[in-house]
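Peer 1: Generate coordinates for the sequence data below:
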Amino acid sequence: MQMGNFLDEKSYCICECIDHSILDNEIVSLEFAWPGPDPKAGQFFLVKPERSSVFLARPLSVAGWKRESGLLCFLLAIRGRGTEELAELKIGEKVALTGPLGRGWAYDGIPEGLIALVSGGVGIAPLAFFTKELGTKTYDFYAGFRSAPFGLEGFKPHSLILSSEDGFSGLKGRILDHFSPKPYSAVYACGPEPMLKNIAVLSRELDVPCYVSLERHMACGTGACLGCTVKTLNGNKRCCVDGPVFNIKEINFNESE
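Peer 2: Numbering: from 1, shown residues only. Alright, predicted model coming up:
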């Protein structure tokens, strides 16, 4: 493996694809051998095939980390040429990994009491990893999908609430049709931004602390290029270093794009 310098507990490495699994037509699970620093739940990596036709790497949230075997797992939603290249990787092919980057879920501490994890689609990835950091803490997991579920292995919530838009599994409809922040000491959410905006509204109305993981196009991943701006009540922030996890009290979602 070709290792770069370690800076602020992150590094650059050319790594080998160890596992590739197609979960459905648009979702792929990838595992890479990673010899660098341990990631925290909510952090991400910049990922790019060694041979690529696109200029920029793609930011992917960590879905799992197996420290003993050094395996780093991602869930990938196919959305364009860059993610298509990653989805077409073969076992043994090489990618450039830079990370771990960004601020994780627990940067502000985790309150006492029952908490809720709420995911939409591939947003389940960083929340599934978060369950490993929660230990014996009690949490409910709400997971919404378009159709068939994925990424549900390896964690045991107090309650698991599933929904699918087509009624294939769990409750029919969107996950927010079946969720209220009211019973919880805090809410942690990742998914499409319209979903996050609605969760923010519900949580603010009930004065429940809420943290969301935002997605932006990224170039450098280190805050230098200012290409992933998030507008907050305290001025512009950089999603790659000041996030991707934000307290909703920081964000004006009406101006977040």
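Peer 1: Around the residue lying closest to residue 236 once chain neighbours are set aside, how many other residues sit close by?
Peer 2: Spatially, and ignoring its direct neighbours in sequence, residue 236 is nearest to residue 229 (4.9 Å; CB to CB, 6 or more residues apart in numbering). The C-beta positions use only the backbone N, C-alpha and C, and glycine is treated the same way. Each residue near residue 229 was counted by other CB atoms under 10 Å, and the total is 15.
Peer 1: was I right about residue 229 contacting residue 238?
Peer 2: Yes: using CB atoms under 8 Å, residue 229 is in contact with residue 238, at 6.7 Å.
Peer 1: From what I see, residue 134 and residue 110 are in contact.
Peer 2: Yes: counting by CB under 8 Å, residue 110 is a contact partner of residue 134 at 7.3 Å.
Peer 1: Quick check: residue 120 vs residue 164, distance?
Peer 2: To residue 164, residue 120 is 11 Å away according to CB to CB, to the nearest Å.
Peer 1: helices or strands up against the lengthiest helix in the chain?
Peer 2: As assigned by DSSP state H, the longest helix anywhere in the chain is helix 193-206. If you count contacts as 3 or more CB pairs under 8 Å, 6 or more residues apart in numbering; DSSP states H and E, helix 193-206 packs onto strand 186-190, strand 210-213.
Peer 1: if we go to 6 Å?
Peer 2: Helices and strands touching helix 193-206, by 3 or more CB pairs under 6 Å, 6 or more residues apart in numbering; DSSP states H and E, are strand 186-190.
Peer 1: The strand it packs on packs against which elements?
Peer 2: strand 115-120, helix 193-206, strand 210-213.
Peer 1: Name the next helix or strand downstream of the last one, please.
Peer 2: Proceeding C-terminally, strand 210-213 gives way to strand 229-232 as the next helix or strand, assigned by DSSP states H and E.
Peer 1: Tell me which helix or strand comes right after that next one.
Peer 2: strand 235-238.
Peer 1: Can you tell me what sits against that following strand?
Peer 2: 223, 228, 229, 230 (CB atoms under 6 Å, 6 or more residues apart in numbering).
Peer 1: which strand in this protein runs the most residues?
Peer 2: Longest strand of the chain, by residue count under DSSP state E: strand 11-22.
Peer 1: Report all helices and strands that that one contacts.
Peer 2: Using 3+ CB pairs under 6 Å, 6+ apart: strand 11-22 touches strand 27-33, strand 94-101.
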